[in-house]
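> Structure for this input, please:
(chains A and B)
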Protein chains: 2
Amino acid sequence: MSTDRCKIGVVAPASRMSPDVAASVLELAERLYPRRTPEIVFHPQCFASHGHFAGDDDARAEAFLEVANDASYDAVWFARGGYGSCRVVESVMPRMTQASREKTYLGYSDAGMLLAALYRAGFTSVAHGPVAQEIRRDGGDKAIARALAWIIDRAPEALEPTVDGSKKTAAFNITVLSHLLGTPLEPDLDGHVLMLEEVGEAMYRIDRSLFHITSSANIRRVSGIMLGRCSNITPNEPDFGMNEEEIAQYWCRRAGIPWLGRADIGHDAKNKVVPFGR
Amino acid sequence: MSTDRCKIGVVAPASRMSPDVAASVLELAERLYPRRTPEIVFHPQCFASHGHFAGDDDARAEAFLEVANDASYDAVWFARGGYGSCRVVESVMPRMTQASREKTYLGYSDAGMLLAALYRAGFTSVAHGPVAQEIRRDGGDKAIARALAWIIDRAPEALEPTVDGSKKTAAFNITVLSHLLGTPLEPDLDGHVLMLEEVGEAMYRIDRSLFHITSSANIRRVSGIMLGRCSNITPNEPDFGMNEEEIAQYWCRRAGIPWLGRADIGHDAKNKVVPFGR
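Have a look, this model is predicted:
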C-alpha cells in the first residue's frame, strides 16, 4: 500500500461520533500524507443516533458489513468505543465475505468485542489501537498519525514496543474482555502475550474483573499478562489498599500466569498498536 | 429447629460491617423470638478492616471456615455484600468438612460468589436472601425478620412468591453472575429459573452484563429468566432508550431463553429468599 492511495472506511458499531471529528481527521490525514492522502470514508452511520447507540442494531450491523464486505476498502477503522459492539457481532459474523478477510481492522475498547470475534474467526489483520475519535484528546494528532501509519504502511514505530513478531499478542480493555469470556466471541489466546488496559473503573472493579479473567481456563493458557495504563480510576470507598499493578500481579500469581510487566497501551493519545496474533 | 435455639454464625467474606449493626440485629432477634431467641454469633472478623475488605484474604477465609466447619452452628449468615468473596472462594472450598454441608447459607450480592461455589459443590441448603447489614435500610427490620424466619423455621412466607418447590431456582446479582461465568465457581444452572437483580449500575452496563450472561451456553440451558429490581441505576449518557425490563426481554429473546417476568428480589428491604435448587 506504500504508493497507492489507501481506502479506509470508518464505522461506529457502538456510540456515535460527531461530524467535526470526521472533518478534523480528514484535515490531519491531508497534512500527514500530502501526496498520497488516504481516502477516509466516514460511513453516515457514524453520525446516526438511536438511544445510546450510533443507529439501531440493524443500522450499525449493515454499515459495518457494507464496508467490511466491499473489496475497494483496505481497512475498517472504528470511529470510537463507547458501548454497543456486542449487540451487532452475532448478526455480522455469518455474513462476512472473502473481501472482509482481506482488510485491516483497527480499534479498541468496546470494539474489542468485534476484534475478538474476527480474530476467533481467523481474520489475520486485526489490531488493537487508536480510533478516529482520539483526535479529540490532548495530543490526539499523534494517535491518529499512529493509526494511519499502521493502516497505510504497517509502520513498526506504531507498535507497542515489545511487539516484535516473535510472540503472538492480543490486547483488550479489561471490562470488555471480562464480558466476552464464555461467549461465542471468545478467541483462543493460548500462548499469547495478553495486554490489558482500563479506564473509568474503581479499583475494586479492576480487581473483580481480573479475578474473572485470570480464573478462566482459556486465559490461564496465555504466555503472560502485561498491564497497560488504567486511567481515570474512580474513587474506591474505602481506599482499596493496592494499586492496579499490585492487583494484576496478585491475580497473575494466584493463577500461575507469568507477569510480564507494563504495556504501552491505554485510553490515551499514547495508545500503541497491538496486532492480534503474530 | 422449631423448638431448639438456632445458632447462627455471621461472617463477612467481603466488606466490613460496623459493631452497631450487630447490636441492632441481636436486639431485634430478641424481640422477634423472645422465648427461643436464636444465638447469633458475629465473628470478630466482621469488624476487621484491611483496605477494601473486612480483614485480609486469609482472615476472611479462616473466619468463614471456622463457622462453616463447626457442627454447633446451624447456619452461616453473610454480614453484607460489598466486594471480596471471590478472593476467598478458592482457598475455602477444598477445606470444607462434612459439618459445613449440614448447615444453611444465606446472603446475596457479592456473597453470590460463595453461594455459587457452594451450590456447585453440592451443598443443599444455599439461599439468596437478606444479609445482616439490611437492618440499616428503611424497613430493614422486615428483611432481618425474613432472613431469620427462613434460617430458623424455613417459613414459606420468606420465599420469593413464585418459589413453590416444583422448579429448581437460583438467584444472582447480575454483575456478580457475569463475573463468575467461565470460572471454577460457575454452577450448572440447567433447568433452573434464574432470578437476577442489580444495584448501582448504568443501563448500558446492565445491557452489557445481560449480553454476557445470556450468551453463555450454560445460562442458555436455564428454564427461564426473571428480573428482580434494578435500583439506584446511575445516569446513562445519552439516555439508553430502553429500561431494564426491555433490556432483559431483548436478550432473552435473542438467546432463546424464556422470559418469565419479574421476581421479588433486589437490593432492598423487600428482598425475598430464593433457595438454590429445589
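
> From A:Leu32, how far off is the closest residue to A:Val273 other than its chain neighbours?
If the residues on either side of it in the chain are set aside, A:Val273 comes closest to A:Gly129, at 3.7 Å by CB to CB, 6 or more residues apart in numbering or on different chains. Heads up, the C-betas are built off the backbone N, CA and C, glycines and all. As for A:Gly129, its distance to A:Leu32 is 16 Å (criterion: CB to CB, to the nearest Å).

> Between these two, point out the one with more neighbours.
A:Gly129 (28 against 15; other CB atoms under 10 Å in any protein chain shown).

> Do you know the pLDDT at the residue of the stretch 101-250 of chain A found nearest chain B?
Residue of the stretch 101-250 of chain A nearest chain B, by CB to the nearest CB: A:Gly241 (2.1 Å). With respect to pLDDT, A:Gly241 scores 94.

> correct me, but it touches B:Gly55?
No - contact criterion CB atoms under 8 Å: A:Gly241 and B:Gly55 do not qualify, at 11.6 Å.

> higher neighbour count, these two?
Using other CB under 10 Å, the more surrounded residue of A:Gly241 and B:Gly55 is B:Gly55, with 24 against 15.

> Please list all residues in contact with the more buried one.
Residues in contact with B:Gly55 (CB atoms under 8 Å, 6 or more residues apart in numbering or on different chains) are B:12, B:16, B:45, B:48-49, B:63.

> Reformat those as CSV; add secondary structure and neighbour count.
Converted to CSV, those look like this (DSSP: H, G, I helix; E, B strand; the rest coil; neighbours: other CB atoms under 10 Å in any protein chain shown):
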residue, secondary structure, neighbour count
B:Ala12, coil, 32
B:Arg16, coil, 22
B:Gln45, helix, 22
B:Ala48, coil, 16
B:Ser49, coil, 13
B:Ala63, helix, 25
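
> distance of A:Cys46 from chain B?
Here the criterion is CB to the nearest CB, to the nearest Å. By it, A:Cys46 lies 16 Å from chain B.

> I'd say that residue and A:Ser18 touch.
No - checked against CB under 8 Å, the pair A:Cys46 and A:Ser18 is beyond contact range at 9.0 Å.

> Between those two, point out the one with more neighbours.
Set A:Cys46 next to A:Ser18 and count neighbours by other CB under 10 Å: A:Cys46 wins out with 27 against 13.

> That one looks like it's in a strand, true?
No - under DSSP: H, G, I helix; E, B strand; the rest coil, A:Cys46 falls outside any strand and is assigned helix.

> what helix or strand is A:Lys142 on?
Using DSSP states H and E, A:Lys142 sits within helix A:140-153.

> how about the residues of chain A that lie near chain B?
Within reach of chain B by CB under 8 Å from any CB of the partner chain, chain A has these residues: A:49-53, A:83, A:86-87, A:90, A:178-185, A:203-204, A:207-209, A:211-212, A:215-218, A:236, A:238-242, A:254.

> ok, the nearest residue to A:Gly107 once chain neighbours are set aside - contacts?
The spatial neighbour of A:Gly107 that comes closest, neighbours along the chain excluded (CB to CB, 6+ apart), is A:Phe78 at 2.8 Å. Residues in contact with A:Phe78 (CB under 8 Å, 6+ apart) are A:10-14, A:105-108, A:111, A:114, A:131-132.

> Please state the backbone phi and psi of A:Cys34?
Rather than Cys, residue A:34 is Pro. Backbone torsions of A:Pro34, given as degrees, to the nearest 10, read phi -60, psi -30.

> now it: how far from B:Tyr119?
Distance, A:Pro34 to B:Tyr119, using CB to CB: 65 Å.

> Which of these two has more residues huddled nearby?
The neighbour comparison of A:Pro34 against B:Tyr119 (other CB under 10 Å) goes to B:Tyr119, with 25 against 8.

> Checking that one next. Helix, strand or coil?
Secondary structure assignment for B:Tyr119 (three-state DSSP): helix.

> Number of residues surrounding the closest residue to it other than its chain neighbours?
Leaving aside its chain neighbours, B:Tyr119 sits nearest to B:Phe276 (4.2 Å; criterion: CB to CB, 6+ apart). Neighbour count of B:Phe276, defined by other CB under 10 Å: 24.

> show me what contacts B:Phe276?
So B:Phe276 contacts B:115, B:118-119, B:126-128, B:169-171, B:187 (CB under 8 Å, 6+ apart).

> show me where chain A has helices.
A:19-32, A:57-68, A:86-92, A:98-101, A:112-120, A:140-153, A:174-178, A:203-214, A:244-255 (DSSP state H).

> Now the ones you listed in CSV, please, with extra columns for mean pLDDT and distance to B:Arg229.
What follows is the helices of chain A, written out as CSV (pLDDT from 0 to 100; distance: least, CB to CB, whole Å):
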stretch, mean pLDDT, distance to B:Arg229
helix A:19-32, 98, 39
helix A:57-68, 98, 26
helix A:86-92, 97, 24
helix A:98-101, 98, 43
helix A:112-120, 98, 28
helix A:140-153, 98, 41
helix A:174-178, 98, 24
helix A:203-214, 98, 22
helix A:244-255, 98, 31
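
> want to throw the ones you listed into a markdown table with distance to B:Lys142?
Listed next are the helices of chain A as a markdown table, based on distance: least, CB to CB, whole Å:
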| stretch | distance to B:Lys142 |
| --- | --- |
| helix A:19-32 | 52 |
| helix A:57-68 | 42 |
| helix A:86-92 | 39 |
| helix A:98-101 | 57 |
| helix A:112-120 | 42 |
| helix A:140-153 | 54 |
| helix A:174-178 | 35 |
| helix A:203-214 | 29 |
| helix A:244-255 | 38 |
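
> Can you tell me which of those helices is nearest to B:Pro258?
Closest approach to B:Pro258 among the helices of chain A is made by helix A:86-92 (19.2 Å; CB to CB).
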